[in-house]
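Visitor: Sequence first, then the predicted structure, then my questions.
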Amino acid sequence: MDSPEYHRLAEIEVDDVSPSHQGFALTGRGPDHAEYRVELRFGMPLDPLTRTVLSELLSHSDLTISRRAPSGLTAALRPRRSRAPQR
């Protein structure tokens, strides 16, 4: 998923999966030893069998969180950087 547009923020090994009303809360630690929590919500109710299967699958997962800056923001910041006073 890493490309020039995306910057990896964290890689998380999921340690715990907790069910919520319409999804799950996944917690785990990253290589920086910080604890991360990701909430995953579905737009529909989950039946008990689906919830059990998804919980088991997610408990054996790893997450990679990446982000891309909005294209308008990147373009707007480029001219400002060139006008910054030189030290």
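Guide: Looks like it came in fine.
Visitor: What separation do you get for residue 65 and residue 38?
Guide: 8 Å (Cβ to Cβ, to the nearest Å). Using the backbone N, CA and C atoms, a C-beta is placed for each residue, glycine as well.
Visitor: Need the overlap of contacts for these two.
Guide: residue 12 (Cβ atoms under 8 Å, 6 or more residues apart in numbering).
Visitor: mind showing which ranges of this protein have poor pLDDT?
Guide: 1-4, 72-87 (pLDDT under 70).
Visitor: who touches the most centrally placed residue in it in this structure?
Guide: The chain has residue 65 as the residue nearest its centroid, 3.6 Å off, counting by Cα atoms, centre = their mean. Residue 65 makes contact with 8-12, 36, 38 under the criterion Cβ under 8 Å, 6+ apart.
Visitor: give me the beta-bridge partners of residue 8?
Guide: residue 66 (DSSP bridges).
Visitor: my guess is it contacts residue 66, does it?
Guide: Yes: here residue 8 reaches residue 66: they are 5.0 Å apart, a contact under Cβ atoms under 8 Å.
Visitor: show me where the chain has strands.
Guide: Counting by DSSP state E, the chain has strands at residues 7-20, 23-29, 35-41, 62-67.
Visitor: Of these, which stretch is the most buried?
Guide: strand 23-29 (a mean of 17; mean count of other Cβ atoms under 10 Å).
Visitor: Please identify the pairing partners of that strand and their relative orientation?
Guide: Using DSSP bridges, strand 23-29 pairs in its sheet with strand 7-20 (antiparallel), strand 35-41 (antiparallel).
Visitor: right, and these - which one's nearest residue 52?
Guide: Shortest distance between residue 52 and those, using Cβ to Cβ, is found for strand 7-20: 9.2 Å.
Visitor: centre of the chain versus the closest one, how much separation?
Guide: In terms of Cα atoms, centre = their mean, to the nearest Å, the centre of strand 7-20 is found 7 Å from the chain centre.
Visitor: What are the contacting residues of it?
Guide: 1-2, 24-32, 34, 36, 38-39, 41, 51, 55, 58-68.
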